[in-house]
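In: Sequence first, predicted model second:
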Amino acid sequence: MRLLSGISLGQFIPGESFVHGLDPRCKIICTFLLLTGLFLASSPPDFALWGALLVAISLLSQIRLGLVLRSARPVLFLALITILLNIFWTPGHEIFRAGFLKITEEGLILSIRMGMRLFFLVVFAALLMMTTSPMSFSDGLERLLSPLAALGFPASEMAVMMTIALRFIPTLFEETDRILKAQISRGADFESGGLLKRARSFIPILIPLFVLVFQRAENLAVAMESRCYVPGRPRTRMCPLVWRRSDSAALIILFAFISALVALDRRFLRFLIR
Amino acid sequence: MSIKIERLCYSYNTGTPAETMALHDVSLTIERGEWISIVGHTGSGKSTLSQHMNAVLIPQSGLVEIDGVPVEPKTKNLRELRRKVGLVFQYPEQQFFSETVRDEIAFAPSNWGVKGDELQARVMEAARSVGLDDGLLESNPFALSGGQRRRVALASILSMKPDYLVLDEPTAGLDATGIRELVELLGELRSAGLAVVQATHDLQSAFEFSDRILVLEQGRGIAVGAPEEIARYLLDNPVHGLILPPLVRFSAGLAGRGLTIGLTSGLEGIIDVLEAARKPCGS
């Protein structure tokens, strides 16, 4: 009875692949490029090419494609609603009609576009998190944001906060799972009764969880302070990030690909509209 | 009447790269009134096995049968099985959520519909059986000492009147006095007719009190038997993370010098054997 299983979105999968070895800064910029490119993509054939790109990147990451695709599951429902709304309620050239529901050519294209964008958005972001350990991810983000420190933006504190948050998500799930099981074996019932009763039945989960979280936070704060952590003080690194040639190469190649995809998209679009 | 476990397998995160085999082909039968210890290193599957005993985990393959009722995903009355087999989790005081000890102990029976005088009687009985002072019933469970909290946690399970008591590392985090008191308490409960299943890596108490011991290593049951047999087995086949208690090693040493002595005879047994073997002065 593992009630909280299947949370695969954003879980780091250790590996030795080419993508795993890239500098986190490179991967963050690449993901940013991919997401920007996605918003410029709009035609169905172009999305097929984006799919090929996704397959190529997951091959380079040595992560099973099924696992990558599975990470889109949490937004499946959202994507479905977006598609349904767009497919039936977009005015334009009518191609199908059943009662009050009508499908227009524009609606069909728009819904594919929205659904695909949402899907690729989540999957590419998940791919980043699957190939980048939380530590190196926040390291990379800290370095990328460090120019903003001059403007008073607390980049390194943000990075530390994020590292801690990411580090404790799985721990919290484990704790919740354990408390849940313990209360179930004391006869707690989360499935029957009305809304209010069900909401109340979560009190025996939430209170112990909060107690544990505060204890953990306190212990962590003491442990960090006793190792002389002071927020805002500059720190040296044991493994400084190194930008290699392969990072530049990956960035340039990906940029070229995305530009090509965007340019092709214009072509496809002109073709479709004609 | 027994808990029957046959060829039980269980793995976590099935179908992902993080898949780990927690139990592999484990079999064990627990009769009512028995004291069984499950010993093994951290990560050997003790917790997973004990969570199967009260249907919090459903077997992925193999069989778990509680008093003749098999535990399967479609089994109707899992809740009744969970009442029969009280499971005390590791660090059970971490599940406290009530403002008073009384409410905490009353939680489990009230979930099974016990109320009014019967509920109060159950709370009093459970509290007394673990040696909690009546005056403590109104205090905040978070304000108690470690040993007392563990007692409250135990009482909060006993109040649902289980037939079997399964404890996952019941002595973890307690000081020496706390451990002694808890183990003695378990002994009393057992004399009162309760089956005790204790997952532990404390071999000393396992040897001292158990009727039978199951040794787990990396999810496999590698030996099961009476304490004497298990001590002998562990002496011949050391298991990673299980260190034989000093008294057992001492007995083994004496046996090696030709004395007739059981490995788990304990301090008194050793003294008796040494006394008998002592040669009178001057002879």
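Out: Arrived safely, thanks for sending.

In: Nearest to chain A within chain B, name that residue for me.
Out: Closest to chain A within chain B is B:Asn111: 3.1 Å, counting by C-beta to the nearest C-beta. For every residue, glycine as well, the C-beta is placed using N, CA and C.

In: how many neighbours does the residue lying closest to that residue once chain neighbours are set aside have?
Out: Residue nearest to B:Asn111 in three dimensions, not counting chain neighbours: A:Gly187, with 3.1 Å by C-beta to C-beta, 6 or more residues apart in numbering or on different chains. Residues contacting A:Gly187 under the criterion other C-beta atoms under 10 Å in any protein chain shown number 19.

In: ditto for A:Ser201
Out: A:Ser201 has 17 neighbours, counted by other C-beta under 10 Å.

In: Okay, it and A:Leu180: tell me how far apart.
Out: 11 Å (C-beta to C-beta, to the nearest Å).

In: Most remote residue from the middle of chain A, which is it?
Out: A:Gly99 (39.3 Å; C-alpha atoms, centre = their mean).

In: contacting residues around the closest residue to chain B within the stretch 151-274 of chain A?
Out: Chain B sits closest to A:Gly187 of the stretch 151-274 of chain A, with a gap of 3.1 Å, by C-beta to the nearest C-beta. A:Gly187 makes contacts with B:79, B:82-83, B:107-109, B:111-112, B:160, as judged by C-beta atoms under 8 Å, 6 or more residues apart in numbering or on different chains.

In: ok, so of those residues, who is nearest A:Phe271?
Out: Taking C-beta to C-beta as the measure, A:Phe271 lies nearest B:Arg79 of those, at 63.1 Å.

In: Disregarding residues adjacent in the polypeptide, which is nearest to the closest one?
Out: Of all residues not flanking B:Arg79 in the chain, A:Gly187 sits nearest, at 6.4 Å (C-beta to C-beta, 6+ apart).

In: Now the phi/psi pair for the one you found, please.
Out: Dihedral pair for A:Gly187: phi 90, psi 10, per degrees, to the nearest 10.

In: likewise B:Gly221?
Out: Dihedral pair for B:Gly221: phi -80, psi 110, per degrees, to the nearest 10.

In: In space, what's closest to it - neighbours in sequence excluded?
Out: B:Val26 (4.5 Å).

In: In terms of secondary structure, what does the host helix or strand of that neighbour contact?
Out: Here B:Val26, judged by DSSP states H and E, is contained in strand B:20-31. Here strand B:20-31 touches strand B:2-12, helix B:46-52, strand B:195-200, strand B:212-217, strand B:220-225, going by 3 or more C-beta pairs under 8 Å, 6 or more residues apart in numbering or on different chains; DSSP states H and E.

In: could you redo these as CSV and give each row mean neighbour count?
Out: Output for those, formatted as CSV (neighbours: other C-beta atoms under 10 Å in any protein chain shown):
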stretch, mean neighbour count
strand B:2-12, 18
helix B:46-52, 24
strand B:195-200, 24
strand B:212-217, 24
strand B:220-225, 17
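
In: Rebuild those as JSON lines, extending it with mean pLDDT.
Out: Formatted as JSON lines, the helices and strands packed on strand B:20-31 follow (pLDDT from 0 to 100):
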{"stretch": "strand B:2-12", "mean pLDDT": "93"}
{"stretch": "helix B:46-52", "mean pLDDT": "94"}
{"stretch": "strand B:195-200", "mean pLDDT": "94"}
{"stretch": "strand B:212-217", "mean pLDDT": "95"}
{"stretch": "strand B:220-225", "mean pLDDT": "94"}
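
In: will you turn those into JSON lines that also has distance to B:Phe89?
Out: Below are the helices and strands packed on strand B:20-31 laid out as JSON lines (distance: least, C-beta to C-beta, whole Å):
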{"stretch": "strand B:2-12", "distance to B:Phe89": "17"}
{"stretch": "helix B:46-52", "distance to B:Phe89": "8"}
{"stretch": "strand B:195-200", "distance to B:Phe89": "10"}
{"stretch": "strand B:212-217", "distance to B:Phe89": "18"}
{"stretch": "strand B:220-225", "distance to B:Phe89": "22"}
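
In: nearest to B:Leu242, of those?
Out: Using C-beta to C-beta, the helices and strands packed on strand B:20-31 put strand B:212-217 closest to B:Leu242, at 7.3 Å.

In: Any figure for the gap between the residue positioned nearest the centre of chain B and B:Gly68?
Out: Centroid-nearest residue in chain B, with C-alpha atoms, centre = their mean: B:Gln198, separated by 1.2 Å. Between B:Gln198 and B:Gly68 the computed distance is 24 Å (C-beta to C-beta).

In: can you check A:Ile28 too?
Out: Counting by C-beta to C-beta - A:Ile28 and B:Gly68 are separated by 59 Å.

In: show me what contacts the nearest residue in space to B:Lys84 that is not next to it in sequence?
Out: Ranked by C-beta to C-beta, 6+ apart and with sequence neighbours excluded, the top spatial neighbour of B:Lys84 is B:Asp163, at 5.1 Å. Going by C-beta under 8 Å, 6+ apart, B:Asp163 touches B:1, B:32, B:67, B:84-85, B:194-195.

In: do the same with B:Ile105
Out: Counting by C-beta under 8 Å, 6+ apart, B:Ile105 touches B:123, B:126-127, B:137, B:152, B:155-156, B:159.

In: just B:Val114 next, same as before
Out: B:Val114 neighbours (C-beta under 8 Å, 6+ apart): B:Arg122.

In: Dihedrals phi and psi, residue 112?
Out: Because you didn't say which chain, this covers chain A. Dihedral pair for A:Ile112: phi -60, psi -40, per degrees, to the nearest 10.

In: what about the helices in the stretch 51-200 of chain B?
Out: Residue ranges of the helices in the stretch 51-200 of chain B, as given by DSSP state H, counting those that start in this stretch, are B:78-84, B:101-111, B:116-129, B:146-158, B:176-191.

In: Buried residues of the second one, list them for me.
Out: By neighbour count on 16 or more other C-beta atoms under 10 Å in any protein chain shown, the buried set for helix B:101-111 is B:101-111.

In: That one to helix B:116-129, inter-axis angle?
Out: Counting by axes from the mean of the first three to the mean of the last three C-alpha atoms, to 10 degrees, helix B:101-111 points 120 degrees away from the direction of helix B:116-129.

In: Now do helix B:101-111: distance to the chain's middle.
Out: 22 Å (C-alpha atoms, centre = their mean, to the nearest Å).

In: Next, the buried residues of the host helix or strand of A:Ile29.
Out: In the assignment (DSSP H and E), A:Ile29 maps to helix A:24-40. Within helix A:24-40, the residues that qualify as buried are A:24-31, A:33-34, A:37-38, counting by 16+ other C-beta under 10 Å.
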